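Enquirer: From the sequence below, what's the structure:
(2 chains)
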Amino acid sequence: MRLRTLFVALTAALLSVGALTTPARAQIEVDVNRGDIQPLPVAVPGFRGERGAEIAQVITSNLERSGLFRPIDPAAFIEQDLDIRYQPRFADWKTINAQGLVNGEVTVDATGRLTVNFRLWDVFAEQQLLGMQFTSTSENWRRVAHKISDAVYERLTGEKGYFDTRVVFVAESGGRIDRIKRLAIMDQDGANPSYLTDGSYIVMTPRFSSTSQEITYMALRPDGSSIYLFNLETGRRESLGSFNGMVFAPRFSHDGGKVAFSVERGGNTDVHVMDLRSRSSSRLTSDPSIDTSPSFSPDGAQITFNSDRGGSPQLYVMNADGSGARRISFGSGRYMTPVWSPTGEYIAFTKQAGGQFHIGVMRPDGSDERLLTTSYLDEGPTWAPNGRVLMFSRETPGGAARLWTVDVTGRVVRPAPYPQSGSDPAWSPLLN
Amino acid sequence: MTTITLTKRAAQFAVIALAAASVTACASRPKPDTTTPAPTAPPPATQPSTPPAPVSQGPLPGTQQDFVINVGDRVYFDFDSYAVRYDAAPVLEAQAAWLNRYPSVMVRLEGNADERGTREYNLALGARRANAVRDFLVSRGVSSSRITTVSYGKERPIDPGTSEAAYQRNRNTHTAITSGAR
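Expert: Next up is the predicted model:
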C-alpha cells in the first residue's frame, strides 16, 4: 500500500508574477453540457526539470480521456523548452492551433521536496488564465500532475475536476466458473493498482464514502455474507454485524453517517439503514418483493432503490424514513442499480432491454431518460465526484469483465485505463 | 470410497499386471533357436468361457455420491422466476425422501442466477430460489434446522457458455450436503 505517501498534503499557492496579469474572464471555455462538443485543442509541452516530461504526459492523458480536450502531438510544437518566467511565443502556438497551453517547471530540493510551477495560457487572447505552484514529496509527482489537471479542467470548464481521485474495484481472474475476485484500488488513470483482499472469498460491490477515504463492501462465503467498513487510511476493517439473513448492497449516505443496504430473510429482500455512530439499524421497506440497491440523494432526504414489487425490476424513490415510495422508471425493460449523482441532478442506472444492457441516466422524477451505452452486459455505474463521468463494467459474451467510462452526455465511451479484468468500480471523492 | 473407484482401480491393476507379465515373458524368453520351431500361440479356446457374474456398480446408499447420482442435487428455474417447476418437483420429492431416510445429513441450499441481471438483484433472486427449495423440503417433512440457505447470485455459474441453454443451467438451486453423509 502507498497510503502513507498518498496522504502527504499537497499545497497549492497562486503565483504572483509582476509582468503578467490574470484576466478576469477566459476567452476560451469548454461547455461540458453540450453533447456535440468539439474537443478543445491544447498543448502540454514537457515541463522543465526532473520528471517534467512524465508530469506533462499524465496531464495530457487526463485531459484527453475526458473527451473535452484534444492534446496536440508534441512533434508539431514549434517553440521548444519554454521558460515559465516568460510569456510563450503565442504566434508559434497559434500556428498549430493550440487554444490552450500548459507549461511548467519542476524543481526538487536537497530534502527531496518537489515543487511544480505551471501556467495555463489562452493562446489566441495571449493571456495567462492560471499560474499555480504545488509542493509535495518527489515520489508523489503523479498526484501533483493530477492536481494540475484538475486546476486546468476547472479553469476551462467552470466545474471541479476529477483527476486526483482513485477507484476501488473488484479485480477478477480465473475462469468463468471458478472466478477469483479481489478487492483492488488504483488511481483513476489506472496507475498504482494494488490488492486489498487475497481472493480467498468473493468480494463485490465496494462503494466509496463521498467524504472520506473509506469504503464499504460485501464479502460472500459459503456460510453467508457480511458487509464491511474499510478505512483506507488506517487499514482498519470492521464488519457491520450480523443481520440474521443475507446482507448485501451497502452504500454510504453522502455525509458518510449512514449505510443503506439490503437484508434477505426467508427469500424476501428489504432495504435497511444503519446509523454508523449509534450502530442502530432499521428496516425501511416491508414489501414482499425484492427491494435492493439503495442509494441516497446528496441531501440525504431520499433514497432511490430497485424493486420488483410491480412485477419486474424497476426504479423507485422513497423518503429516507421509508415512506412515500413511488416508481420513477416507466420505459420498456428492466431497470436496476440506481445511483444518485453527487450533484443530485441525475440518477444513473443499469437497464436490460431487448437482449442488451445499457448504462443510462434520468432525472430523479423519472423524466429525461437517456441511455448512454449499449452492450451485451454493462452494469454497475459509479459517478466521478463532479458528476460528469461514469465508470461501469462491461462484459463481452464469454469474455472477462472490463472497466469502462462514459461521460454524462454519452459522447465519450471508452475503456478505463486498466488493462486487466475488473468489475464493480467505485469512484473516490477528490483527494485532499 | 465408492465401488466405482474400486472397480476402476482393480481394472488398472489388472492392466498393469498384464503388462508386467508380458515384459517378464519377453525378458526371460531364450533366444530363439533357429533349429527349433518358434513357439506357437496357445490354441484358441474351443468353448467360450463362462461370463463372470454380473457386478452391480453404484454409490453406497447414504453417501454424497448416492445423493448426487441417484437423487439429483440441482433443480432449475425459469428466467427471473423462483417457482418450483414441473420438472423440479419430482427431484425435490426424492431429495426430501432421501433426507428423511438419512436424518443426520445437513444441507446448504445454494441459489444461483444466470448472468442476465445485475449483481445485487441476482443475489436477491438466488436467495428466493434457495428459499423456494427450502420451503418445498420443509413441507415434505425435512426439519428446517437441518437446512441453511445462501445465494451466490451470478457469481458461481456451472456453465461458462452464453447460450440460452447455458443460462438455463445457471438458474438453479444446488443442494450441497455439508455433513452427516456416510
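Enquirer: Right, and chain A sits closest to which residue of chain B?
Expert: residue B:131 (3.1 Å; CB to the nearest CB). (Each C-beta comes from the backbone N, C-alpha and C, glycine too.)
Enquirer: That residue is in contact with residue A:265, isn't it?
Expert: No. Using CB atoms under 8 Å, residue B:131 makes no contact with residue A:265, being 9.1 Å away.
Enquirer: neighbour-wise, which of the two wins?
Expert: Between residue B:131 and residue A:265, counting by other CB atoms under 10 Å in any protein chain shown, residue B:131 is the more crowded of the two (22 against 14).
Enquirer: Strands of chain B, start to end?
Expert: Remark: strands assigned in chain B by DSSP state E are B:74-76, B:106-112, B:147-153, B:172-179.
Enquirer: For residue A:72, find the nearest of these.
Expert: Nearest to residue A:72 among those is strand B:147-153; the distance by CB to CB comes to 47.1 Å.
Enquirer: I'd like the mean pLDDT over the closest one, please.
Expert: If you average the pLDDT over strand B:147-153, you get 97.
Enquirer: cool, and stretch B:125-133?
Expert: Per-residue pLDDT over stretch B:125-133 has a mean of 98.
Enquirer: contacts for it?
Expert: Stretch B:125-133 is contacted by residues A:246, A:264, A:266-267, A:269, A:290, B:75, B:77, B:80, B:82-84, B:92, B:109-113, B:117, B:149-154, B:171-173, B:175 when judged by CB atoms under 8 Å, 6 or more residues apart in numbering or on different chains.
Enquirer: That one: how far from the chain's middle?
Expert: Centroid displacement of stretch B:125-133 relative to its chain, using CA atoms, centre = their mean, to the nearest Å, is 23 Å.
Enquirer: Check stretch B:175-182 too.
Expert: Centroid separation for stretch B:175-182 versus its chain: 14 Å, with CA atoms, centre = their mean.
Enquirer: Could you pull out the buried residues of it?
Expert: By neighbour count on 16 or more other CB atoms under 10 Å in any protein chain shown, the buried set for stretch B:175-182 is B:175, B:176, B:177, B:181.
Enquirer: Stretch B:92-100 now?
Expert: Quick answer for stretch B:92-100 (16+ other CB under 10 Å): B:92, B:95, B:96, B:98, B:99.
Enquirer: Out of these, name the ones that lie in helices.
Expert: Among those, the members found in helices (DSSP state H) are B:92, B:95, B:96, B:98, B:99.
Enquirer: quick one, what contacts the nearest residue to the last one once chain neighbours are set aside?
Expert: What sits nearest to residue B:99 in space, not counting adjacent residues and going by CB to CB, 6 or more residues apart in numbering or on different chains, is residue B:142, at 4.8 Å. Residues counted as contacts of residue B:142 (CB under 8 Å, 6+ apart) are B:96, B:99, B:100.
Enquirer: what's the spacing between residue B:142 and residue B:180?
Expert: According to CB to CB, to the nearest Å, residue B:142 and residue B:180 sit 12 Å apart.
Enquirer: re earlier: would you turn the buried residues of stretch B:175-182 into a markdown table with pLDDT?
Expert: Below are the buried residues of stretch B:175-182 laid out as a markdown table (pLDDT from 0 to 100):
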| residue | pLDDT |
| --- | --- |
| B:175 | 98 |
| B:176 | 98 |
| B:177 | 97 |
| B:181 | 93 |
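Enquirer: number of nearby residues for residue 125?
Expert: Reading this off chain A. Count around residue A:125 with other CB under 10 Å applied: 15.
Enquirer: hmm, I had chain B in mind actually
Expert: Residues lying near residue B:125 (other CB under 10 Å) number 31.
Enquirer: How is the chain divided into domains?
Expert: Answering for chain A, as no chain was given. A:3-157, A:166-427 (automatic domain parsing).
Enquirer: hmm, I had chain B in mind actually
Expert: For chain B, the structural domains run B:1-27, B:72-179, going by automatic domain parsing.
Enquirer: Nearest to residue A:177 among the ones you listed would be which one?
Expert: domain B:72-179 (5.3 Å).
Enquirer: quick one: the closest one to chain centroid distance?
Expert: From the chain centre to the centre of domain B:72-179 is a distance of 17 Å (CA atoms, centre = their mean).
Enquirer: measure it end to end?
Expert: 17 Å (CA to CA, to the nearest Å).
Enquirer: Can I get stretch B:114-121 in PDB? Just the C-alpha atoms.
Expert: C-alpha atoms of stretch B:114-121 as PDB (Å, rounded to 0.1, in the frame of the first residue of the first chain):
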ATOM      1  CA  ASP B 114     -27.700 -16.500 -14.700                       C
ATOM      2  CA  GLU B 115     -25.600 -13.500 -15.800                       C
ATOM      3  CA  ARG B 116     -28.500 -11.700 -17.400                       C
ATOM      4  CA  GLY B 117     -29.200  -9.400 -14.400                       C
ATOM      5  CA  THR B 118     -27.300  -7.100 -12.100                       C
ATOM      6  CA  ARG B 119     -25.100  -8.500  -9.300                       C
ATOM      7  CA  GLU B 120     -27.300  -7.200  -6.500                       C
ATOM      8  CA  TYR B 121     -30.700  -8.100  -8.000                       C
END
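Enquirer: wait, does that stretch contact chain A?
Expert: Yes. Residues of stretch B:114-121 contacting chain A under CB under 8 Å from any CB of the partner chain: B:115, B:116, B:117, B:118, B:119, B:120, B:121.
Enquirer: just the residues you listed now: which is nearest residue A:115?
Expert: Each of those was scored against residue A:115 by CB to CB, and residue B:119 proved nearest at 45.0 Å.
Enquirer: count of neighbours near the closest one?
Expert: Residues lying near residue B:119 (other CB under 10 Å) number 26.
Enquirer: show me what contacts it?
Expert: So residue B:119 contacts A:204, A:205, A:379, A:380, A:423, A:424, B:153, B:154, B:155 (CB under 8 Å, 6+ apart).
Enquirer: Find the residue closest to residue A:213 in space, skipping its chain neighbours.
Expert: residue A:232 (4.4 Å).
Enquirer: list the contacts for the one you found?
Expert: If you count contacts by CB under 8 Å, 6+ apart, residue A:232 has them with A:3, A:168, A:185, A:213, A:214, A:215.
Enquirer: between the domains of chain B, which gets nearest to residue A:63?
Expert: Taking the domains of chain B one by one with CB to CB, domain B:72-179 is closest: 32.5 Å.
Enquirer: Run a quick neighbour tally on residue 132.
Expert: Went with chain A since none was named. 19.
Enquirer: Please refer instead to chain B.
Expert: For residue B:132, the count of nearby residues is 23 (other CB under 10 Å).
Enquirer: ok, now residue A:54?
Expert: Per other CB under 10 Å, the neighbour tally for residue A:54 reads 15.
Enquirer: repeat for residue A:63
Expert: If we define neighbours as other CB under 10 Å, then residue A:63 has 25 of them.
Enquirer: ok, now which ones touch it?
Expert: Neighbour list for residue A:63: A:42, A:44, A:69, A:71, A:149, A:152, A:153 [criterion: CB under 8 Å, 6+ apart].
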